[in-house]
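S.K.: requesting a structural model of the entry that follows:
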Amino acid sequence: MSSAVLSLACGAPLARAVADRLGTTPLPVEERGFEDGEHKIRPLERVRGLDLYLVQSLYGEPGLSADEKLLRTLFLAAALRDHGAARVTLVAPYLAYARKDRRTKLRDPVSIRYAAELVEAVGIRRVVALDVHNPAAFENAFRIETVHLEARGLFVRHLLATLADRPLAVVSPDAGGVKRAEALRRSLETALGRPVPLALMEKHRSAGVVSGEAFAGEVAGRVALVVDDLVSTGGTMLRCAEACRARGAVEVRAVASHGLFTGEAATVVANPAIAGWLLTDSVPPFRLPEPARARLLLLPIAPLLAEAIRRLHDDGPVEELAEEPVASVEA
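M.R.: Predicted coordinates for the structure are as follows:
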């Protein structure tokens, strides 16, 4: 069974980069809008019998909300199945609604589960996502196969190349991110062959107000790496960075897989309390002005996605990608 990569027009740059790594070209897709706001999407080549990988990061952007992008992705997937695709895998590095994975208030929705039901309804057989907010909730929301990729290997490779000779500490800005921070700490410690301590900042959120000042762990005299799955306004990163600096960290770096940069994020990114921002390019920083973008370092995810697709198509081991030194996806 042959495989192919495709995307919506808005996802074309990432799909092309992934296809380049796989030594192929994306399957052409026609998108046609109508005056009443409806649209038509169809593959322009035969798809019968193909193993298809629909590469589409589901973040909102100017002129195309997350809702509309999700709907168009579902319509395209349904058309692919209608025309005989053997299997459709949705590769969504940034997965819309993944953060709303539990009820925190009376009559709250569990949006990730509702999105999962839509994905399943159109015949998508598998979903691949990158560093979702809660991996367990992501896996439990779907009744189809899920693959959770991590950018940890990409981060470790970069940090070893730039900070290997400096004492490091890994910091979680809240209790919910401890497992994520511990995984990065463990990988760095193994690669460096020396202890890398873990620290934790207390955080409580109620009605949009963040509180909590307790801090556990040793960061004095070290470069503190504050790790999270995503950056929205950046406020959580900044308050943790300031706490690290107050406790003697010589420098603070922010590390996150997805940069949404909403609200007053430009002001936060410019704050000197954080020396630099290390992210992936899963979400382009289009909301930030150019001076703020200069403080970001974006690691490309196309090599990681391409290697995951190659292994999935060949029924190879995908889970091991998070623990590998990333040579296979960076070469």
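S.K.: show me where the stretch 1-150 of the chain has strands.
M.R.: Remark: strands assigned in the stretch 1-150 of the chain by DSSP state E, counting those that start in this stretch are 3-6, 29-33, 39-43, 51-55, 87-92, 126-130, 145-149.
S.K.: quick one: strands adjacent to the shortest one?
M.R.: Note on strand 3-6: by DSSP bridges, its sheet partners are strand 51-55 (parallel).
S.K.: what angle do the partner strand and strand 126-130 make?
M.R.: 40 degrees (axes from the mean of the first three to the mean of the last three Cα atoms, to 10 degrees).
S.K.: begin at 37, not 1, for the rest of this chat.
M.R.: Okay, using 37 as the starting number, the last item reads as strand 87-91.
S.K.: give the buried residues for strand 87-91.
M.R.: Neighbour-count burial for strand 87-91, counted by 16 or more other Cβ atoms under 10 Å, picks out 87-91. Where C-beta positions appear, they are placed from N, C-alpha and C, glycine not excepted.
S.K.: could these go into TSV alongside distance to L261 and pLDDT?
M.R.: Converted to TSV, the buried residues of strand 87-91 look like this (distance: Cβ to Cβ, whole Å; pLDDT from 0 to 100):
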residue	distance to L261	pLDDT
D87	38	98
L88	37	98
Y89	32	98
L90	33	98
V91	29	98
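S.K.: ok, R149 - contacts?
M.R.: 137, 177 (Cβ atoms under 8 Å, 6 or more residues apart in numbering).
S.K.: can you show me the helices along the stretch 87-236 of the chain?
M.R.: 102-118, 147-157, 171-177, 188-199, 214-228 (DSSP state H, counting those that start in this stretch).
S.K.: which one of these lies closest to A282?
M.R.: helix 214-228 (19.1 Å; Cβ to Cβ).
S.K.: domains of the chain?
M.R.: 39-186+338-366, 188-335 (automatic domain parsing).
S.K.: tally of neighbours for D350?
M.R.: 9 (other Cβ atoms under 10 Å).
S.K.: relative to R323, how far out is it?
M.R.: 38 Å (Cβ to Cβ, to the nearest Å).
S.K.: can you list the buried residues of strand 87-91 in a markdown table and add distance to I160?
M.R.: Converted to a markdown table, the buried residues of strand 87-91 look like this (distance: Cβ to Cβ, whole Å):
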| residue | distance to I160 |
| --- | --- |
| D87 | 13 |
| L88 | 10 |
| Y89 | 11 |
| L90 | 8 |
| V91 | 13 |
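S.K.: and which of these is nearest to E254?
M.R.: V91 (41.5 Å).
S.K.: give me the number of residues near K76?
M.R.: 11.
S.K.: mind listing what the residue lying closest to it once chain neighbours are set aside touches?
M.R.: Ranked by Cβ to Cβ, 6 or more residues apart in numbering and with sequence neighbours excluded, the top spatial neighbour of K76 is R68, at 4.6 Å. Residues in contact with R68, defined by Cβ under 8 Å, 6+ apart, are 75-77.
S.K.: quick one: buried residues of stretch 172-187?
M.R.: 173-174, 177-178, 182-187.
S.K.: let me have those residues in a markdown table, extended by distance to L228 and pLDDT.
M.R.: Converted to a markdown table, the buried residues of stretch 172-187 look like this (distance: Cβ to Cβ, whole Å; pLDDT from 0 to 100):
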| residue | distance to L228 | pLDDT |
| --- | --- | --- |
| A173 | 32 | 93 |
| F174 | 30 | 95 |
| A177 | 36 | 94 |
| F178 | 36 | 96 |
| T182 | 32 | 96 |
| V183 | 29 | 97 |
| H184 | 25 | 96 |
| L185 | 24 | 97 |
| E186 | 19 | 96 |
| A187 | 19 | 96 |
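S.K.: just name the closest of those to D210, please.
M.R.: Nearest to D210 among the buried residues of stretch 172-187, with distances taken as Cβ to Cβ, is A173, at 16.0 Å.
S.K.: which ones are touching Y95?
M.R.: 102, 105, 130, 132, 294, 296, 318-319.
S.K.: can you redo those residues as CSV with distance to L166, neighbour count and pLDDT?
M.R.: Output for these, formatted as CSV (distance: Cβ to Cβ, whole Å; neighbours: other Cβ atoms under 10 Å; pLDDT from 0 to 100):
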residue, distance to L166, neighbour count, pLDDT
A102, 16, 16, 96
K105, 16, 21, 97
Y130, 7, 24, 97
A132, 13, 20, 95
H294, 8, 26, 98
L296, 14, 18, 97
S318, 6, 26, 98
V319, 10, 23, 97
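S.K.: farthest pair within those residues?
M.R.: K105 and H294, at 15.0 Å, using Cβ to Cβ across the contacts of Y95.
S.K.: so where's the stretch 187-336 of the chain shaky on pLDDT?
M.R.: Along the stretch 187-336 of the chain, segments meeting pLDDT under 70 span 239-248.
S.K.: that'll do, ta.
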